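**Q** Got a predicted model here, sequence first, then my questions.
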Amino acid sequence: MTAARPRDPEFATRRAALRLFTYGLHVVTARRGDEHHGFTANFLTQVSFDPPLIALSVENDGRSIAVIRETGVFTINVLPSDAVELAGTLGRRSVTDPHKLDKVAWHEGPNGRAVLEAALAFVDCEVESSAPAGDSTLFIARPVRGAVLREGVPLRMSETPYRHSG
């Protein structure tokens, strides 16, 4: 995240307004060979009904972005509302905690990528395009497989102590 510039008088009010946007808090997993990756994502949404398309924003300096670019696939895990601690664990930076996925229970899904044991649902996606988006890259992906694993209420960013807004 970027620190506020003292010359930007609108920074605080803009940040307060952006924090009112509603976001889910999900875990995205990717795999290259035997190397599994997982990170918490909140900038993720469906952007088209026909065809169904998902937009995912991934920070450019994260470890998983190279795996998604190389393989062109990722899995979205929908977290339940009581998974705040799990979201925090997988929200840590990979440079400080490179084996963070090893700290949570998961199994390989139908496509070989991690599906969290705690997940309400998962959606496998294939990247169709990408575009630079500030400090991140925006991936547009087609959902190709998914399943509801159990009933529950999805975790929302507003229910957590975490904040990510510009």
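**A** Great, that's in hand. Predicted model, so just to flag it, every value in this text is computed and none were measured.
**Q** what's the model's confidence in stretch 13-28, averaged?
**A** Average pLDDT, stretch 13-28: 80.
**Q** residue contacts, the residue nearest in space to the middle of the chain?
**A** Centroid-nearest residue in the chain, with Cα atoms, centre = their mean: Ala41, separated by 2.2 Å. By Cβ atoms under 8 Å, 6 or more residues apart in numbering, the contact list for Ala41 reads Leu25, His26, Val27, Val28, Leu56, Ser57, Val58, Ile76. Yep, even glycine has a C-beta here, placed from its N, CA and C like the rest.
**Q** What's the separation between it and Asp135?
**A** The gap separating Ala41 from Asp135 is 14 Å, by Cβ to Cβ, to the nearest Å.
**Q** Name whatever forms a beta bridge with Phe74.
**A** Cys125 (DSSP bridges).
**Q** Pull the number of nearby residues for it.
**A** 28 (other Cβ atoms under 10 Å).
**Q** who's in contact with it?
**A** Val28, Thr29, Ala30, Leu56, Ile68, Arg113, Asp124, Cys125, Val127, Phe139, Ala141.
**Q** and what of His107?
**A** So His107 contacts Ala114, Val115, Glu117 (Cβ under 8 Å, 6+ apart).
**Q** Give the helix, strand or coil label for it.
**A** Of the three states, His107 takes strand under DSSP: H, G, I helix; E, B strand; the rest coil.
**Q** And Ala119, by the same measure?
**A** Strictly by three-state DSSP, Ala119 counts as coil.
**Q** Next, work out how far apart it and Lys100 are.
**A** For Ala119, the distance to Lys100 - Cβ to Cβ - is 16 Å.
**Q** out of the two, which sits in the more crowded spot?
**A** Ala119 (26 against 18).
**Q** so which strand or helix has the closest residue to the more buried one other than its chain neighbours?
**A** Residue nearest to Ala119 in three dimensions, not counting chain neighbours: Asn77, with 4.1 Å by Cβ to Cβ, 6 or more residues apart in numbering. Following DSSP states H and E, one finds Asn77 within strand 73-78.
**Q** Spatially nearest residue to Asn42, not counting backbone neighbours?
**A** Per Cβ to Cβ, 6+ apart, closest to Asn42 is Tyr23, 4.3 Å.
**Q** what's the neighbour count on the one you found?
**A** Tyr23: 17 neighbours (other Cβ under 10 Å).
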